[in-house]
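> structure here, sequence nowhere to be found:
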């Protein structure tokens, strides 16, 4: 009997004290934060700033580049970014998100990218266009960081 | 006594209008549905069944294959699948999801795939390993469908 009453009491409390989440306003604010982080991403890419890019990834992030294995964690992301900027100088970089969805502490974007790079050792500029999905996770401080991202080209690799 | 408690319980519930969602159990059931849909995806791929694959995509889905532009909607997905199976016979196909997250009406998976195909016109079998992110959306009937998916290879394309 006591346990029945305890259960009833707990159910009563649980059903009467839900947290009201103002989803629309919250979502709008979150999309704003993600857009701002994305602008920082683009700015860092244009500045050939590996550390700036890595700072936008979560500590346990997974980077999923085309035609090579994935890179894990901040360290993996840093190694990948540094290797990229050792090989190429970013001349131009743009992202266009066609869809942004925030759902609770998670968000994803689907979009396209365009970039122009110069080989670090000299040579002709190369242009690349492609598409991406990135997953973002809300951090304990309220910021959003990239949990994982994957991209591929809209055309065969330039060397083909 | 039990019926009194039930009545009391219902009265308490009725007096507190917000619905409490037991997230853990719901999430578990949703992950189960997504895993089942994923098994159907793998089975359809192994059976070279374009229609079976397309049935797992939402009507407004976006397919983001490597080295070519994206395909939009069921029609785009169908064209892509048929073209793929015109060129290749699937000999083996496997998916391994390293992460599955359900958040509200959305879910994503990050994972790896491995496939073996034979050129439809004859020739040596080709093996492909890579990684993917897929985004799933809960449909009005409670099922989960693929909203968009993107993948790339862990190595340069075979023809390079």
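That came through, no problem. A quick note: this is a predicted structure, and the numbers were derived from the prediction, not measured. Numbers count the residues shown, from 1 in each chain, chains lettered A, B, ... in the order given.
> how many residues are close by residue A:76?
Residues contacting residue A:76 under the criterion other Cβ atoms under 10 Å in any protein chain shown number 17. Every residue, glycine included, has its C-beta placed from N, CA and C.
> distance of it relative to residue B:42?
28 Å (Cβ to Cβ, to the nearest Å).
> direction included, what does the strand ranked longest in chain A pair against?
Secondary structure of chain A read by DSSP state E shows that its longest strand is strand A:88-103. Each strand paired with strand A:88-103, and its direction, by DSSP bridges: strand A:106-119 (antiparallel).
> relative to the whole chain's centre, how far out is the partner strand?
Using Cα atoms, centre = their mean, to the nearest Å, we find the averaged C-alpha position of strand A:106-119 to lie 10 Å away from the chain's own average C-alpha position.
> name the next helix or strand downstream of the worst-scoring helix or strand of chain A on mean pLDDT, please.
With mean pLDDT, DSSP states H and E as the measure, the helix or strand of chain A carrying the lowest mean pLDDT is helix A:2-16 (a mean of 54). Tracing the chain C-terminally past helix A:2-16 and defining elements by DSSP states H and E, one meets helix A:23-46 next.
> other SSEs contacting that next one?
Packed against helix A:23-46, as judged by 3 or more Cβ pairs under 8 Å, 6 or more residues apart in numbering or on different chains; DSSP states H and E, are the following elements: helix A:50-54, strand A:88-103, strand A:106-119, strand A:126-138, strand A:144-153.
> same question for it, mean pLDDT?
Predicted confidence along helix A:23-46 averages 91 (mean pLDDT).
> go through that helix and flag the buried ones.
For helix A:23-46, burial by neighbour count (16 or more other Cβ atoms under 10 Å in any protein chain shown) applies to A:27, A:30, A:31, A:33, A:34, A:37, A:38, A:41, A:44, A:45.
> try stretch A:87-98
Of the residues in stretch A:87-98, A:88, A:90, A:93, A:95, A:97 count as buried by neighbour count, 16+ other Cβ under 10 Å.
> and those residues as CSV, adding pLDDT?
Listed next are these as CSV, based on pLDDT from 0 to 100:
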residue, pLDDT
A:88, 97
A:90, 98
A:93, 98
A:95, 97
A:97, 96
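> quick one: which of these is nearest chain B?
The shortest distance between chain B and any of those, using Cβ to the nearest Cβ, involves residue A:97 and amounts to 12.3 Å.
> residue B:155: which of the helices and strands packed on helix A:23-46 is closest?
strand A:144-153 (13.2 Å; Cβ to Cβ).
> rewinding a little: now for the buried residues of helix A:23-46: which two are most distant?
A:27 and A:45 (26.4 Å).
> from what I can see residue A:104 touches residue B:105, true?
No. Judged on Cβ atoms under 8 Å, residue A:104 makes no contact with residue B:105 at a distance of 10.1 Å.
> so for the two, which sits in the more crowded spot?
Comparing residue A:104 with residue B:105 by other Cβ under 10 Å, the one with more neighbours is residue A:104, at 17 against 13.
> OK, contacts around the more buried one?
When contacts are counted by Cβ atoms under 8 Å, 6 or more residues apart in numbering or on different chains, residue A:104 touches A:138, B:103, B:104.
> check residue A:105 too.
For residue A:105, the set of contacting residues under the criterion of Cβ under 8 Å, 6+ apart consists of A:137, A:138, B:103.
> just give me the neighbour total for the last one.
A count of neighbours around residue B:103, defined by other Cβ under 10 Å, yields 19.
> same check, this time on the one 3 residues further on
When counting by other Cβ under 10 Å, one arrives at 20 neighbours for residue B:106.
> show me what contacts the nearest residue to it once chain neighbours are set aside?
With Cβ to Cβ, 6 or more residues apart in numbering or on different chains as the criterion, residue B:106 has its nearest non-adjacent residue at 4.3 Å, and that residue is residue A:103. Applying Cβ under 8 Å, 6+ apart, we find residue A:103 in contact with B:103, B:104, B:105, B:106.
> TSV for those residues, including pLDDT and distance to residue A:65?
Compiled in TSV, these are given as follows (pLDDT from 0 to 100; distance: Cβ to Cβ, whole Å):
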residue	pLDDT	distance to residue A:65
B:103	94	25
B:104	93	29
B:105	95	30
B:106	95	25
